[in-house]
Every structure is written in structure tokens, then in C-alpha cells.
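**Student:** What follows is a predicted structure for the sequence shown.
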Amino acid sequence: MVGTKVKIDLISPSSIILYVPEKAKSKIIGRKGKKIERLEKIYGLRIKVKSFEDIADGNIIDFEIEEEKDQILIYFNPELAKKRVMIYIDDQPIASLMVDKKGRISISKNSKLGKDIIDALNKNKEIKISIL
């Protein structure tokens, strides 16, 4: 498992979602959940393990992206206000963010995330967003 790509999403101060490749999921959880239980005790966190492949098309949501002067605005259905979403570029999770009360996310173009999104748009990479 050395070199295995993982993504950690902090859900609350005491809970995370650990995204891993499908083939690594059972190794991390362990027989009868013993390994993950041990990790939860060590770190004092509730750890939910999901595979990158667990992202079902049913979780993918519609959005619009607009580039402003110094930021990227992502617009959603207003019903998604205050919901957490995951942004993917070419099926790789890159960020977990909260939709604001107006149903949008604002990202600085100068941030790493902003630069990654602009690069993806310029190179016609697939951008997906799912609700968590």
C-alpha cells in the first residue's frame, strides 16, 4: 500500500471520510473492521472508508462555472445551499467544499484549487461535482 493515493475529507472535528482505491479498501478496514477500529481509537476520530469508485452517477450534480476577474464561481441549485460537495477532475477528488447560502462556491483563481480548475477547463478535462 505504499504509494497508494488517498484523499481525506474532514466532515467534523471528530469525523473524516478516507477515500482510497477500491483494491486498498479491505486492507485498510481489516478483517471484521479491526484495523479501522484501531485507527479510530489511536486518532480519536470516526473514520468512514470509501473508494474513489464509490462515486455513483446518482451523486453527480449539475453546476455552472463562471470565471470572474479574480475568482471562479460555481453555481448550484439553491436547494444545495449549505451542503458539502466534492469536486473531481478526471475522476480524481481534488476538494471538498461547502456550498454557501446563495447556492454557490467562490474560489480564488490564485489558489492551488483555482489554478487546477482553470487548467482542467483549458485542457478540456472532465470536471464532476458530487454531493457528500
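**Tutor:** That came through fine. Numbering: from 1, shown residues only.
**Student:** contacts and neighbour counts: CA atoms only from here.
**Tutor:** Will do.
**Student:** tell me which element the residue nearest the centre of the chain falls in.
**Tutor:** Centrality entry for the chain: nearest residue to the mean C-alpha point is M86, 3.3 Å, by Cα atoms, centre = their mean. Element membership of M86 [criterion: DSSP states H and E] is strand 84-89.
**Student:** how about that strand as PDB, C-alpha atoms only?
**Tutor:** This file holds the C-alpha atoms of strand 84-89, laid out as PDB (Å, rounded to 0.1, in the frame of the first residue of the first chain):
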ATOM      1  CA  ARG A  84     -20.900  19.700   1.300                       C
ATOM      2  CA  VAL A  85     -19.700  18.700  -2.200                       C
ATOM      3  CA  MET A  86     -16.700  17.000  -3.700                       C
ATOM      4  CA  ILE A  87     -15.000  18.300  -6.800                       C
ATOM      5  CA  TYR A  88     -13.400  15.800  -9.200                       C
ATOM      6  CA  ILE A  89     -11.100  16.400 -12.100                       C
END
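**Student:** Check the gap between G44 and K7 for me.
**Tutor:** 19 Å (Cα to Cα, to the nearest Å).
**Student:** So which of the two has more stuff around it?
**Tutor:** K7 (18 against 12; other Cα atoms under 10 Å).
**Student:** what pairs with that one across the strands?
**Tutor:** Y19 (DSSP bridges).
**Student:** was I right about it contacting L18?
**Tutor:** Yes: here K7 reaches L18: they are 5.9 Å apart, a contact under Cα atoms under 8 Å.
**Student:** Alright, that wraps it up for me.
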